[in-house]
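[1] What follows is a predicted protein model with its sequence.
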Amino acid sequence: MLRFTEEVIERVKADEATVKELMKHLSPREIVELILAIGFYMMAARLTETTRTDLDPPAGTKVIDALRR
């Protein structure tokens, strides 16, 4: 999966051998979902970098801790 992701990010299209190996572990639907997830994070990174969006610092466990109270 990592090799596939790297190839999609760097070359747009993964090698045939990589796809065949991935198909041993993921269904066609899961592969499509993986490609969509890769694309979403690539888009989000480009959007936040280009617009110089300030990201909030990690909240740690504050949110979870507040729900437990």
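    On my side now, so go ahead.

[2] CA atoms for contacts and neighbours, from now on please.
    Noted.

[3] mean confidence score for stretch 46-65?
    The pLDDT scores in stretch 46-65 average 85.

[4] can you give me the helices in this protein?
    2-11, 16-22, 28-50, 62-68 (DSSP state H).

[5] In JSON lines: these, plus distance to Asp56 and mean neighbour count.
    Converted to JSON lines, the helices of the chain look like this (distance: least, C-alpha to C-alpha, whole Å; neighbours: other C-alpha atoms under 10 Å):
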{"stretch": "helix 2-11", "distance to Asp56": "25", "mean neighbour count": "14"}
{"stretch": "helix 16-22", "distance to Asp56": "35", "mean neighbour count": "13"}
{"stretch": "helix 28-50", "distance to Asp56": "12", "mean neighbour count": "12"}
{"stretch": "helix 62-68", "distance to Asp56": "13", "mean neighbour count": "8"}
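
[6] where among those is the average confidence lowest?
    Minimum mean pLDDT among the helices of the chain: helix 62-68, a mean of 82.

[7] just checking, what packs against it?
    Counting contacts by 3 or more C-alpha pairs under 8 Å, 6 or more residues apart in numbering; DSSP states H and E, helix 62-68 is packed against no other helix or strand.

[8] how distant is it from the center of its chain?
    Remark: helix 62-68 is offset 26 Å from the chain centroid, using C-alpha atoms, centre = their mean, to the nearest Å.

[9] ditto for stretch 15-31
    Counting by C-alpha atoms, centre = their mean, stretch 15-31 comes out at 16 Å from the chain centroid.

[10] C-alpha coordinates for that stretch, CSV please?
    Only the C-alpha atoms of stretch 15-31 are listed here, as CSV (Å, rounded to 0.1, in the frame of the first residue of the first chain):
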residue,chain,number,x,y,z
ASP,A,15,3.3,0.6,-11.9
GLU,A,16,1.3,-2.4,-13.1
ALA,A,17,3.3,-4.8,-10.9
THR,A,18,2.5,-2.6,-7.9
VAL,A,19,-1.2,-2.6,-8.7
LYS,A,20,-1.2,-6.4,-9.1
GLU,A,21,0.4,-6.8,-5.8
LEU,A,22,-2.0,-4.5,-4.1
MET,A,23,-4.9,-6.4,-5.6
LYS,A,24,-3.9,-9.4,-3.6
HIS,A,25,-4.8,-7.5,-0.5
LEU,A,26,-7.4,-5.0,-1.4
SER,A,27,-10.6,-5.2,-3.4
PRO,A,28,-11.2,-2.9,-6.4
ARG,A,29,-13.5,-0.7,-4.3
GLU,A,30,-10.8,-0.4,-1.6
ILE,A,31,-8.2,0.6,-4.2
